[in-house]
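Participant: 3D model of this:
(chains A and B)
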Amino acid sequence: MSSTTVRVLYIDDEENNLQAFRASFRRQYEIYTAISAQEGLEILQNIEMHVIIADQKMPNTTGVEFFKSIVHTHPDPIRILLTGYTDIEALADAINHGDIYRYIQKPWNDLELHNSIKNAYDAYKSKIDLRNKMQELEKTNDELNRFIYSISHELRAPLVSVLGILNLVKMEGLYNSSGEYWGLIEACSNKLDYYIQKTLQYYKNAKNVEEKSDIDFESLLKELIDLYTYIDIETVFTLNVNQPVKFKGDIFRVEVILGNLISNAVKYQKQTETHKKVNINIDVNAFEAIITIHDNGIGILKEHLEKIFSQFFKGNALNGSGLGLFIVKEALNKINGKITVNSTIEEGTTFKINIPNAN
Amino acid sequence: MQTRTEKVMLIDDNDIDLKINSKVIALSKLFDDIIICRSGAEGLSYIKKHINHPNLLPQFILLDIQMPEMDGFEFLELYKNLPLSFLNSCKLAILSSTLDFGDIKKAEANPYVVRLLKKPLYPNELEEVLKATFNSAH
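Facilitator: Predicted coordinates for the structure are as follows:
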């Protein structure tokens, strides 16, 4: 990097100044000079500059006007404005619209100008470095997303085959033929599947693409309840939806949020409870959807309430991955929703969610 | 419908899944015959070859989405150009392990797909789809 020569373009309508500048700096920098803004632009279009110095007071185009005109076409070079008189207005304009790095008074002091060029080049280098880093980061991010996505698919396909074989074992009446081994294989496979699904959910949620579509809570909730009561048919759901107005929102995230909460409500029931129940109330108005999900399950310890939304926190050591509520919270953050929780141990838990209506 | 044998066509590139799903269907006795195709192209050419022999054609197709060369959606694009007489007599469901939101929505939106079934295939789910599909169609 040290071998790179710094390319400096100096624009001034006075030939004397151009010559003086060349004489002072030709040994340190690669100097290009132009007698007008027009000529400066031509050079700029052909050679990549690091630092541009322009005189303010030129006929036709002033220094500030020139800098303004290249804000979008040549954003990278660092700009220095030279002027022989103190013109506050030009200065303010330059700073506000011309992206000026420094302002130097004429006649210039060689050392001051030299330092300014050096600093300007450092600023140029940081700017480019930062951009390269950003590009690198974006690329890594893209690759990571693709990786996670394909792993979730490629990993899951054979696992689903295993679950299919287990299903056949049951159909053929072999499930109890090897002691508890088939049951253990099933438990492990289900656990792995759960993790894969949650991982995929998490990464999908981390992405920023928000799609707004109409959400009909009644039918969405019915689908989700069917899905999560598939394994457990003991829990009785009471669904109360009051949706007099249309609701527009990010259906993927709403599904993730409600799905995780419903799955938890089913999962964290008391083993001994004979009337396992979950009540869901939804009120939709023009501004938001207010959803409460209440269960009569095991409840959450007071000292755990603050931690349940953090990653890998498990209130109950036996069950769960510690990812469900974390994903719920992340998803709510993305769509500006809110969640509160109330719980009494051994009596049950109530989650209250507010999701803004984008309609 | 009752006098001839009921056939189902399985289209999947995964041999293990083909084996599992044929076995599930055989054990559940939901169909009499199973036509196994290892690609969408194989499925299409089977249908075209037997288009004039209705007794060899399937009444139901289970189609995988993620397959090399021709995926499930590409298959459906070609499938819809088959003769109407066949399309009217055959129903199709997707059978996939996909969790992709886009894939799921695309499958649900396709007019030729009666249902999206998720792997593993459970006989009661398949039976329910068959009931819903063939009762409303006849």
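
Participant: Could you use CA atoms for every contact and neighbour count after this?
Facilitator: OK.

Participant: count of residues packed around the residue of the stretch 151-300 of chain A found nearest chain B?
Facilitator: Residue nearest to chain B within the stretch 151-300 of chain A (C-alpha to the nearest C-alpha): A:Gly164, separated by 4.7 Å. Number of residues near A:Gly164 (other C-alpha atoms under 10 Å in any protein chain shown) recorded here: 21.

Participant: SS state for it?
Facilitator: helix (DSSP: H, G, I helix; E, B strand; the rest coil).

Participant: doesn't B:Leu121 make contact with it?
Facilitator: Yes. Checked against C-alpha atoms under 8 Å, the pair A:Gly164 and B:Leu121 is within contact range at 6.7 Å.

Participant: Find the residues that touch each one of these two.
Facilitator: Counting by C-alpha atoms under 8 Å, 6 or more residues apart in numbering or on different chains, the contacts common to A:Gly164 and B:Leu121 are B:Asn21.

Participant: residue contacts, the residue of the stretch 151-300 of chain A closest to chain B?
Facilitator: Here A:Gly164 is in contact with B:17, B:20-21, B:119-121 (C-alpha under 8 Å, 6+ apart).

Participant: which one of the residues you listed sits closest to chain A?
Facilitator: Nearest member of these to chain A, counting by C-alpha to the nearest C-alpha, is B:Pro120, at 4.7 Å.

Participant: hang on, isn't the closest one packed against A:Ser161?
Facilitator: Yes. Contact criterion C-alpha under 8 Å: B:Pro120 and A:Ser161 qualify, at 6.7 Å.

Participant: so what's B:Lys91 scoring on pLDDT?
Facilitator: What the model reports for B:Lys91 is a pLDDT of 94.

Participant: Can you give me the distance of it to B:Phe60?
Facilitator: 5 Å (C-alpha to C-alpha, to the nearest Å).

Participant: mind listing what's buried in the helix or strand harbouring A:Leu18?
Facilitator: In the assignment (DSSP states H and E), A:Leu18 maps to helix A:15-25. For helix A:15-25, burial by neighbour count (16 or more other C-alpha atoms under 10 Å in any protein chain shown) applies to A:17-18, A:21-22.

Participant: can you list the residues you listed in a markdown table and add distance to chain B and pLDDT?
Facilitator: Converted to a markdown table, the buried residues of helix A:15-25 look like this (distance: C-alpha to the nearest C-alpha, whole Å; pLDDT from 0 to 100):
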| residue | distance to chain B | pLDDT |
| --- | --- | --- |
| A:Asn17 | 64 | 93 |
| A:Leu18 | 62 | 94 |
| A:Phe21 | 62 | 94 |
| A:Arg22 | 62 | 94 |
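
Participant: after the helix holding A:Leu18 comes which helix or strand?
Facilitator: strand A:30-34.

Participant: who touches stretch A:323-337?
Facilitator: Defining contact as C-alpha under 8 Å, 6+ apart, one finds that stretch A:323-337 is touched by A:198, A:201-202, A:205-206, A:208, A:250, A:253-254, A:256-257, A:260-261, A:308-313, A:338-339, A:353-356.

Participant: re earlier: going by distance to A:Ser36, which of the contacts of A:Gly164 wins?
Facilitator: Nearest to A:Ser36 among the contacts of A:Gly164 is B:Lys119, at 71.6 Å by C-alpha to C-alpha.

Participant: residue contacts, the closest one?
Facilitator: B:Lys119 neighbours (C-alpha under 8 Å, 6+ apart): A:160-161, A:164, B:95-97.

Participant: Tell me the pLDDT of it.
Facilitator: At B:Lys119, pLDDT is 92.

Participant: A:Tyr228: what's it in contact with?
Facilitator: A:259, A:262-263, A:266 are the contacts of A:Tyr228 under C-alpha under 8 Å, 6+ apart.

Participant: On the three-state scheme, A:Leu239 is what?
Facilitator: Secondary structure for A:Leu239, judged by three-state DSSP, is strand.

Participant: Where does the most centrally placed residue in chain B fall, secondary structure wise?
Facilitator: Residue closest to the average C-alpha location in chain B (C-alpha atoms, centre = their mean): B:Ile61, at 1.7 Å. Following DSSP H and E, one finds B:Ile61 within strand B:60-63.

Participant: For that strand, give the mean pLDDT please.
Facilitator: 97.

Participant: Which SSE is immediately downstream of it?
Facilitator: helix B:72-79.

Participant: buried sites along that next one?
Facilitator: For helix B:72-79, by 16+ other C-alpha under 10 Å, it's B:72-73, B:75-76, B:79.

Participant: and if you look at stretch A:172-189?
Facilitator: For stretch A:172-189, a neighbour-count test (16+ other C-alpha under 10 Å) marks A:175, A:182, A:186, A:189 as buried.

Participant: can you list contacts of it?
Facilitator: Contacts of stretch A:172-189 (C-alpha under 8 Å, 6+ apart): A:159, A:162-163, A:166, A:169.

Participant: Would you write out the PyMOL command that picks the buried residues out of the residues you listed?
Facilitator: Typed into PyMOL, the line below selects the buried ones among the contacts of stretch A:172-189, using 16+ other C-alpha under 10 Å:
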select buried, chain A and resi 159+162+163+166
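
Participant: Same list, the contacts of stretch A:172-189, but as CSV with pLDDT please.
Facilitator: Compiled in CSV, the contacts of stretch A:172-189 are given as follows (pLDDT from 0 to 100):
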residue, pLDDT
A:Leu159, 92
A:Val162, 95
A:Leu163, 94
A:Leu166, 94
A:Val169, 95
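
Participant: if I look at A:Met58, how far off is chain B?
Facilitator: According to C-alpha to the nearest C-alpha, to the nearest Å, A:Met58 stands 59 Å off from chain B.

Participant: show me what contacts that residue?
Facilitator: Counting by C-alpha under 8 Å, 6+ apart, A:Met58 touches A:12-13, A:36.

Participant: isn't there a helix covering it?
Facilitator: No. A:Met58: not assigned to a helix; according to three-state DSSP it is coil.

Participant: State the pLDDT value of it.
Facilitator: 90.

Participant: swap in B:Gln2?
Facilitator: pLDDT, read off for B:Gln2, is 43.

Participant: Kindly report the same for A:Asn115.
Facilitator: 93.

Participant: Tally up the residues packed near it, please.
Facilitator: 11.

Participant: Could you verify that it is part of a strand?
Facilitator: No. Secondary structure of A:Asn115 (three-state DSSP): helix, not part of a strand.

Participant: What distance do you get for it to A:Tyr10?
Facilitator: 16 Å.

Participant: so where does A:Gly249 fall, helix or strand?
Facilitator: Applying DSSP H and E, one finds A:Gly249 within strand A:248-250.

Participant: what mean pLDDT does that strand have?
Facilitator: 90.

Participant: need the strands for the stretch 101-250 of chain A, in chain order.
Facilitator: For the stretch 101-250 of chain A, the strands defined by DSSP state E, counting those that start in this stretch occupy A:212-214, A:236-242, A:248-250.

Participant: Make JSON lines out of those and add distance to chain B and mean neighbour count.
Facilitator: Output for these, formatted as JSON lines (distance: least, C-alpha to the nearest C-alpha, whole Å; neighbours: other C-alpha atoms under 10 Å in any protein chain shown):
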{"stretch": "strand A:212-214", "distance to chain B": "12", "mean neighbour count": "14"}
{"stretch": "strand A:236-242", "distance to chain B": "22", "mean neighbour count": "16"}
{"stretch": "strand A:248-250", "distance to chain B": "12", "mean neighbour count": "20"}
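
Participant: what sits against residue 15?
Facilitator: Answering for chain A, as no chain was given. By C-alpha under 8 Å, 6+ apart, the contact set of A:Glu15 is A:Ile35.

Participant: Chain B is the one I meant
Facilitator: B:Arg38.
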